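give me the fold of what follows.
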Amino acid sequence: MIPTGAELSGAAKATASGFQLLGKLGSWIKERRNALRLAREAKQLLGLGQPDLYSYRVAMHHPLYKRGDPHPDDLAAFITMAGHDIAEAEEAGTLALLDKVEVALSEGLVLIGSPEAEAVTRLAFGYERRKDALGMRYRGCTLELPYRWEEDRTTVKAEYERFVPGMGRARRPNWPIIDQSRGSPRPIFPVVANTGLLHTDFLLITKVPNFLTSVGYECGRSIVSVAGTHGTGTRSIELMLRDRTLLGQIRAGIPDDAQAFQVLLEATDIQHDAERGSRAKRLRLRDVQVFERPESTWRAAMREVNSRRAGWLADSA
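Numbering: from 1, shown residues only. Sure thing, here's the model as predicted:
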């Protein structure tokens with residue numbers, strides 16, 4: 001079984017007594033103080049209303065960055081998601097900047113970033129790093145989802161370009177979303193303009209029970225994954241959290257007692273700036289999929305995760 005103790009590093013942790021934040025992220029947080037007060041309504045929609053039961057992880061394995069450094073787009077999405085907690089803790093004087101934030105797999109988890117860069121996302125949803133460094137290999141599901149990511153360079157040959165803060169113009173594979181909701185899987189690619197620059201992007205939000213450990217599952221904790229096909233899509237979560245009309249559309253498709261769901265959104269009107277990066281100005285809802293699974297399915301997924309633990313730990317160390 002995977003240990004339920006604090007064997008993982010995290011970005012932040014909400015507790016009953018305050019909020020713990022990885023110290024190296026503190027300077028970025030302070031630079032965006034005005035972005036910290038975000039809609040409580042959205043957090044409740046995602047089930048993040050109990051501050052002592054969830055921890056954040058922001059992707060720190062991106063292939064373009066040194067391991068341990070977050071991609072600016074993933075960092076922006078983390079600030080958006082954790083901003084309300086951070087602001088409240090700062091006002092209350094309970095914000096602690098630490099050299100290490102410990103996270104356990106049995107906790108409620110908010111995972112920022114796709115399998116390519118976020119290790120627990122990789123474990124939970126059935127991916128592993130290819131030994132030839134050509135992206136992620138999808139091993140087959142630990143859990144069948146309506147939508148999943150594709151990050152295998154042997155499958156995806158198309159490329160695109162966009163601007164990344166601090167890096168300039170970057171060329172990357174044009175990863176698609178795989179639609180598995182309507183029978184045979186089919187890829188949905190972000191649109192690339194004739195200039196080669198990204199024209200649209202996708203953001204996939206997934207919420208499932210925390211089936212990584214028996215403790216997490218039996219305590220009713222959840223995994224919330226926020227990941228775009230590219231960084232522009234990931235950081236567009238800030239558009240969702242500030243758009244009450246869009247939040248209303250999403251809420252209308254998700255029953256209050258929903259066990260698990262996915263929300264697929266399309267980021268459009270992308271503005272490209274060499275210094276600030278490529279950022280979407282609009283976000284629209286493409287689909288909401290609510291799904292139920294019997295307990296036997298969650299337990300089977302748990303066993304599959306356990307069987308992959310050793311290789312995952314070696315790759316994620």
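
check whether residue 150 really touches residue 174, as I assumed.
No - look at residue 150 against residue 174 with CB atoms under 8 Å: they stay out of range, at 10.0 Å. (Each C-beta comes from the backbone N, C-alpha and C, glycine too.)

overlap in contacts, these two.
residue 156 (CB atoms under 8 Å, 6 or more residues apart in numbering).

what about this protein, any weak spots by pLDDT?
For the chain, applying pLDDT under 70 flags the ranges 1-7, 26-41, 48-53, 66, 316-317.

all helices of it, in order?
With DSSP state H, the ranges of helices along the chain come out as 26-31, 40-45, 72-92, 119-125, 214-218, 231-235, 237-241, 244-252, 295-307, 309-316.

of all those helices, which lies closest to residue 12?
Nearest of these to residue 12, taken as CB to CB: helix 72-92 at 5.2 Å.

what packs against that closest one?
strand 12-15, strand 18-22, helix 26-31, strand 54-58, strand 108-112, strand 222-228, helix 231-235, helix 237-241 (3 or more CB pairs under 8 Å, 6 or more residues apart in numbering; DSSP states H and E).

ok, back up a step: residue 140 is nearest to which of the helices of the chain?
Per CB to CB, nearest to residue 140 of the helices of the chain: helix 295-307, 8.9 Å.

taking helix 309-316 as reference, get the angle to the closest one.
Between helix 295-307 and helix 309-316, the angle comes out at 60 degrees (axes from the mean of the first three to the mean of the last three CA atoms, to 10 degrees).

check the spacing between residue 89 and residue 95 real quick.
With distances taken as CB to CB, to the nearest Å, residue 89 is found 4 Å from residue 95.

also residue 289?
36 Å.

now do the shared contacts for residue 89 and residue 95.
Residues touching both residue 89 and residue 95 (CB under 8 Å, 6+ apart): 18, 19.

how far away is residue 13 from residue 55?
Note on residue 13: its distance to residue 55, by CB to CB, is 4 Å.

overlap in contacts of those two?
When contacts are counted by CB under 8 Å, 6+ apart, residue 13 and residue 55 have 101, 103 as shared neighbours.

neighbour-wise, which of residue 89 and residue 95 wins?
Neighbour count, other CB atoms under 10 Å: between residue 89 and residue 95, residue 89 has more, with 22 against 19.

report the contact partners of residue 141.
Counted by CB under 8 Å, 6+ apart, residue 141 has contacts 125, 126, 148.

swap in residue 192?
158, 160, 174, 198, 199.

between those residues, which is nearest residue 70?
Nearest to residue 70, judged by CB to CB, of the contacts of residue 192 is residue 198 at 20.0 Å.

and the gap between the closest one and residue 155?
For residue 198, the distance to residue 155 - CB to CB - is 19 Å.

ditto for residue 185
According to CB to CB, residue 185 stands 12 Å off from residue 155.

neighbour-wise, which of the two wins?
residue 155 (16 against 12).

pretty sure residue 259 is touching residue 292, no?
Yes - the criterion here is CB under 8 Å, and residue 259 meets it with residue 292 at 5.4 Å.

thinking again about what came up before, out of the contacts of residue 141, grab the one that's most surrounded.
For these, neighbours were counted using other CB under 10 Å, and residue 125 has the most, 25 neighbours in all.

sorry, back to before: comparing the helices of the chain, which comes out most buried?
Counting by mean count of other CB atoms under 10 Å, helix 231-235 has the highest mean neighbour count of those, with a mean of 29.
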